[in-house]
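Trainee: The following block contains a protein sequence and its predicted model.
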Amino acid sequence: MSLPVIAVVGRPNVGKSTLFNRILGSRDAVVAEESGVTRDQHIRAGEWLGRHFLLVDTGGIIPYGDGDQFHESVSAIARDAIAHADAIILVVDVRSGITDQDQAVARELRGLDQSVTLAVNKSEGRGNELDAPQFYKLGLGAPWPVSALHGDGVGDLLEATLQDLPERGQQPDDEDLRVAIIGRPNVGKSSLLNSLVGHDRALVSEIAGTTRDAIDTVLKWHGKSVRLIDTAGIRRKTNHNKGVEYFSSLRTLEAIQRCDVAVLMLDSEDGVLAQDARIAGEVHETGRGCLVAWNKWDAIEKDDRTYREFELDVRDDLKFLSYAPVVTISATERTRIGRILEHCDEIHAERQKQVETSRLNDILQKALARNPPGYEKGARAKVFYATQTGSSPPRFTVFVNRPELFPRHYIRYLNNQIRAAIGFKGTRIYLHLRKRT
């Protein structure tokens, strides 16, 4: 099941991005094996009181053309987002009162089938909160006074927004393994899906979800039920060419959220591009398993050094995916297609791996003996013990005297030592430092 989509809209400079960031909140204080992941901040997965959703931060809507091509482009993308959202949060500014642009945007939203929640931003302080009722005039129901900057009223706003949404995407699918085929346009995602289905000859069903979903394919593979989540099947008419990029990003993030393992497809003829890195960053950020597949391997000239060169390109351009296996395939020629699901199944098992506390601490003590933590801020960093606190992806809590004494490079060292001893092929490891009380 797909996650419901909530679009945050409004005229420029009313605090949409601030509200977007406030709703998402801060991420867990964990350290990855590599930093420097490029992030697209416009579409993110969020959660509130157990309800999961995708949140879209749109650009400002200019209700009537001002002749500025950039404004028209941003407005067109925002309208595309509105048309395909399940719910909408309209943000206005209490300090400005109701403007002509607010009224024009509200007129557009009143005719939609989706529910619209009205967020009256910058309402911190008793006086501003009392001014919120004037926005009843927009005809969108009760205005919710909020302060995106300070967080006041945001919880009530979210409850009002989510109350009428279907609870989709809360329960995992029933399959043994969920694999998302992702990548930028024209890297061969559909060809890989067709080759996998044709190769296994054990198609069970094609499941069409809502009108916004891609078509999932469920097949039997070595006695296991595997759901293939395809992001290539989406073909939508949009009012602006940027809409294609928006929907591609939305569907890709949704597929990543739903999968156990993502197959990131790269084009051997093009190499690693910036868009590839952005998509790879999404996989890394969500902690899903990852397999990198160089497609169109048949289309390039090769010698005995070619594979190694391509693998080094991935390790250099996608440093944060150092844990992901790299395979070379030809989706159209079905070259090495059989290894795709084998790798994904292995990665899925690695993500669920449990490490005994005694073994984990033995690994940790050997790592400390080889490379003891040093002094920071005049005090010595001390490690007491560690335990595994989660799986899929693996999470470990290390109890220390003072977490702030451990530099990032040393935490990466401990992370790498755990990986070297345990494996965890294809999955990110989370290491959380906690002060022993």
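Mentor: Here it is on my side, so go on.
Trainee: Give me the below-cutoff pLDDT ranges for this protein.
Mentor: Residue ranges of the chain with pLDDT under 70: 1-2, 26-42, 59-60, 62-75, 77, 126-129, 166-173, 199-215, 232-248.
Trainee: Give me the domain ranges for it.
Mentor: Domain segmentation of the chain under automatic domain parsing yields 5-162, 177-351, 357-435.
Trainee: Pull up the distance across the longest one, start to finish.
Mentor: The one in question is domain 177-351. Taking Cα to Cα, to the nearest Å, domain 177-351 runs 12 Å from one end to the other.
Trainee: With stretch 251-269 instead?
Mentor: Using Cα to Cα, one end of stretch 251-269 lies 25 Å from the other.
Trainee: Return the set of buried residues in that stretch.
Mentor: By 16 or more other Cβ atoms under 10 Å, the buried positions in stretch 251-269 come out as 251-268. (Each C-beta comes from the backbone N, C-alpha and C, glycine too.)
Trainee: List the ones among these that fall in helices.
Mentor: The helices, defined by DSSP state H, take in 251-258 from those.
Trainee: Is residue 427 in contact with residue 346, as I believe?
Mentor: No: under the criterion of Cβ atoms under 8 Å, residue 427 makes no contact with residue 346, lying 10.3 Å away.
Trainee: what about the two, which has more around it?
Mentor: In this view residue 427 and residue 346 are compared by other Cβ atoms under 10 Å, and residue 427 has more residues nearby, 27 against 17.
Trainee: Let me see the ranges of the helices in the stretch 251-400 of the chain.
Mentor: Along the stretch 251-400 of the chain, counting by DSSP state H, counting those that start in this stretch, helices occupy 274-286, 306-317, 338-351, 357-370.
Trainee: how about JSON lines for those helices, with distance to residue 21 added?
Mentor: Below are those laid out as JSON lines (distance: least, Cβ to Cβ, whole Å):
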{"stretch": "helix 274-286", "distance to residue 21": "15"}
{"stretch": "helix 306-317", "distance to residue 21": "28"}
{"stretch": "helix 338-351", "distance to residue 21": "29"}
{"stretch": "helix 357-370", "distance to residue 21": "35"}
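Trainee: and residue 221, which of those is closest to it?
Mentor: Closest to residue 221 of these, according to Cβ to Cβ: helix 338-351, at 5.5 Å.
Trainee: helices and strands around the closest one, which ones?
Mentor: Applying 3 or more Cβ pairs under 8 Å, 6 or more residues apart in numbering; DSSP states H and E, we find helix 338-351 packed against strand 177-182, helix 189-200, strand 261-267, strand 289-295, strand 326-328.
Trainee: swap the cut-off to 10 Å and go again
Mentor: On a contact count with 3 or more Cβ pairs under 10 Å, 6 or more residues apart in numbering; DSSP states H and E, helix 338-351 meets strand 177-182, helix 189-200, strand 215-221, strand 224-230, strand 261-267, strand 289-295, strand 326-328.
Trainee: before we move on, back to that, which residues are common contacts for residue 427 and residue 346?
Mentor: Common contacts of residue 427 and residue 346 (Cβ atoms under 10 Å, 6 or more residues apart in numbering): 261, 289.
Trainee: quick one: residue 49 and residue 159, what's the gap?
Mentor: Residue 49 sits at a distance of 8 Å from residue 159 (criterion: Cβ to Cβ, to the nearest Å).
Trainee: should've said residue 320
Mentor: When residue 320 is compared with residue 159 (using Cβ to Cβ), they lie 35 Å apart.
Trainee: Among the two, which residue is more densely surrounded?
Mentor: More crowded of residue 320 and residue 159, by other Cβ under 10 Å: residue 320, with 20 against 14.
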